[in-house]
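Let's see this in three dimensions:
(one chain, ligands or ions: 2)
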Amino acid sequence: MILPPAILGMLGGGQLGRFFVAAAHEMGYPVWVLDPDPHSPAALIADRHLLAAYEDFAALDELAQGCAAISTEFENVPAGTLDYLDKFVVVRPSAAAVSVCQNRITEKTFLRDQALPHAAFAAVHSEQDLREAAAGLFPGILKVARFGYDGKGQALVANPEQAIAAFQQFKGETCVLEQRLALDYEVSVVLARDESGIVTSFPAAENCHRKGILDVSLVPARASTELRAEAAALAARIAEGLGYIGTLAVEFFVVRGELLINEMAPRPHNSGHYTLDACLTSQYEQQVRALCSLPLGETRAHSAAVMVNLLGDLWYETTPAGHHYREPDWSKLYAFPTLKLHLYGKHHARPGRKMGHFTVLDGDPERARRVAMAARAAIGIVDAP
Ligand code: ATP
Ligand code: MG
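Ligands and ions are numbered 1, 2, ... in the order given. Purely as a prediction, here's the structure:
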């Protein structure tokens, strides 16, 4: 076991990294964060910020020399960086596992090879691939294979002509074409797997998106007990198939009552923020535990929870005089005593940027939902989830 006060390293300095730093600090571990952004939220609270690119080998050497173990919060860390660090220090998850999740083609090919349920798709390297795509893939969604997030790099395409136009807009970048599904709803499962193969999963969350960005997560998911158990079992099969050690998130579509795997994230997940307030162990503490070979913690939720994302749009007020930038009035949220507000300390709010979230806790899931919706309206989120 890697025990405190050993120093832990984190690749990536976003909010997921920030919660990892906070969890590690609670447990007695200092953390060094490597991130090229001088204002990265995790680095603001870290013991040391290595302000460097992910491929800066001098900085990687420093990280490897200073830290006992290194994890990541960002799936786009170059696999070569993880491979390099792995020569000197414990790195979890592995470069091999991260690289499968980094690219939608390797990800979906993995699902197909493991006979795991997923939407029909085609790999797209050229316009010819789109002309030859099966008719059943339309209407579809064309997604860039790498670096997409929050619905970016995606286009709805009704037919091959539209798909070719979208492919040109993506500058011919490698894509996947996916059949567009009529979703009943979406769920996700966050789990951790340790080196002996023990898997603990958190209760599944039901996820509602707005404009391609996660808006609200409800726990428990309004799915049958069987469906939730099946989602956890599928997520565990993925972790086993990848030989995964660490925290892994799996997103699912539910279509006509059946689960289809949408995608995996080799890290904690936005839909698992609720574990901070509602579970015996949070997904971030579990990430520390898996990284340090500590026994995994109990994942049970002690309350129902509803998590609401706070996007940068809330910082822009529209008045007859025009748009202006101001801090939202947080006192509106503190009026709800069962609400936990988390702000990420980001330097500047941009529309669509994840700036914070809140979680409402309650013994009764329906009351949690009602209070969360009232709080969401009170802070000025107008459209329904
Ligand atoms: P994130 O970073 O939020 O996970 P992402 O950019 O990686 O998002 P996806 O998870 O592929 O993108 O898609 C975002 C959302 O778009 C999904 O959660 C779902 O609501 C919708 N979506 C994606 N693919 C499909 C599909 N094939 N059919 C129907 N809806 C889809
Ligand atoms: Mg997604």
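
now whichever helix in the chain runs longest, how far from the chain's geometric center?
Longest helix of the chain, by residue count under DSSP state H: helix 225-242. Its chain's C-alpha centre lies 17 Å from the corresponding centre of helix 225-242 when counted by Cα atoms, centre = their mean, to the nearest Å.

residues in contact with whichever residue of the stretch 201-350 of the chain sits closest to ligand 1?
Going by Cβ to the nearest ligand atom, ligand 1 is nearest to His209 of the stretch 201-350 of the chain, at 4.4 Å. The C-beta positions use only the backbone N, C-alpha and C, and glycine is treated the same way. Listed by Cβ atoms under 8 Å, 6 or more residues apart in numbering, the contact partners of His209 are 151, 186, 215.

ditto for Gln283
190, 192, 202, 247, 268-269, 272, 275-276.

Show me how the chain divides into domains.
8-91, 120-179, 185-378 (automatic domain parsing).

hang on, the earlier thing: can you tell me which of the contacts of Gln283 are in strands?
190, 192, 247 (DSSP state E).

Ligand 1 contacts on the stretch 51-200 of the chain?
119, 141, 143, 148-152, 178, 180-181, 183, 186 (Cβ under 6 Å from any ligand atom).

go again using 8 Å as the cut-off
104, 119, 140-141, 143, 148-154, 178-183, 186 (Cβ under 8 Å from any ligand atom).

what sits opposite the residue of the stretch 201-350 of the chain closest to ligand 1 in the beta ladder?
Leu214 (DSSP bridges).

And for Arg193?
Val199, Gly246.

In the protein, which residue is most central in space?
Nearest to the mean C-alpha position of the chain, by Cα atoms, centre = their mean, lies His269 at 3.1 Å.

need the contact list for the closest residue to that one other than its chain neighbours.
If the residues on either side of it in the chain are set aside, His269 comes closest to Ala249, at 3.3 Å by Cβ to Cβ, 6 or more residues apart in numbering. Shown here is Ala249, whose contacts under the criterion Cβ under 8 Å, 6+ apart are 188-191, 264-265, 267-269, 271-272.

Am I right that Ala249 is in a strand?
Yes. Counting by DSSP: H, G, I helix; E, B strand; the rest coil, Ala249 is part of a strand.

Could you list the residues of the stretch 201-350 of the chain in contact with ligand 1?
207, 209, 212-214, 251, 253, 262-263, 265, 270.

show me what contacts Ala335?
Contacts of Ala335 by Cβ under 8 Å, 6+ apart are Ala378.

picking up where we left off before, tell me the buried residues in the longest helix of the chain?
Buried residues in helix 225-242, counted by 16 or more other Cβ atoms under 10 Å: 227-228, 230-232, 234-239, 241-242.

do stretch 342-349 as well
In stretch 342-349, counting by 16+ other Cβ under 10 Å, buried: 342, 344, 346, 349.

ok, residues contacting that stretch?
So stretch 342-349 is contacted by 14-15, 18, 39, 41, 44-45, 273, 276, 310, 312, 314-316, 325, 330, 353-359 (Cβ under 8 Å, 6+ apart).

I'd like to know which of those are part of helices.
Short answer: those in helices (DSSP H) are 15, 18, 41, 44-45, 276.

Including neighbour count, could the residues you listed go into a markdown table?
Formatted as a markdown table, those follow (neighbours: other Cβ atoms under 10 Å):
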| residue | neighbour count |
| --- | --- |
| Gln15 | 23 |
| Arg18 | 27 |
| Pro41 | 24 |
| Leu44 | 17 |
| Ile45 | 17 |
| Leu276 | 21 |
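
List just the nearest of those to Ile381.
Relative to Ile381, the closest of these is Gln15; by Cβ to Cβ it sits at 18.5 Å.

how far away is that closest one from Gly172?
Distance check for Gln15 against Gly172: by Cβ to Cβ, to the nearest Å, it reads 33 Å.

for Arg300, same thing?
For Arg300, the distance to Gly172 - Cβ to Cβ - is 48 Å.

need the contact list for Gly140.
Per Cβ under 8 Å, 6+ apart, neighbours of Gly140: 133, 156-157, 163, 177-180.

ugh, wrong one, I meant Ile2
Taking Cβ under 8 Å, 6+ apart as the test, what Ile2 contacts is 8, 68-69, 90, 291-293.

Could you do Arg376 as well?
216, 308, 385.

How much space separates it from ligand 1?
19 Å (Cβ to the nearest ligand atom, to the nearest Å).

Counting neighbours, what do you get for whatever residue of the stretch 1-150 of the chain ends up closest to ligand 1?
Closest to ligand 1 within the stretch 1-150 of the chain is Tyr149: 3.8 Å, counting by Cβ to the nearest ligand atom. When counting by other Cβ atoms under 10 Å, one arrives at 12 neighbours for Tyr149.
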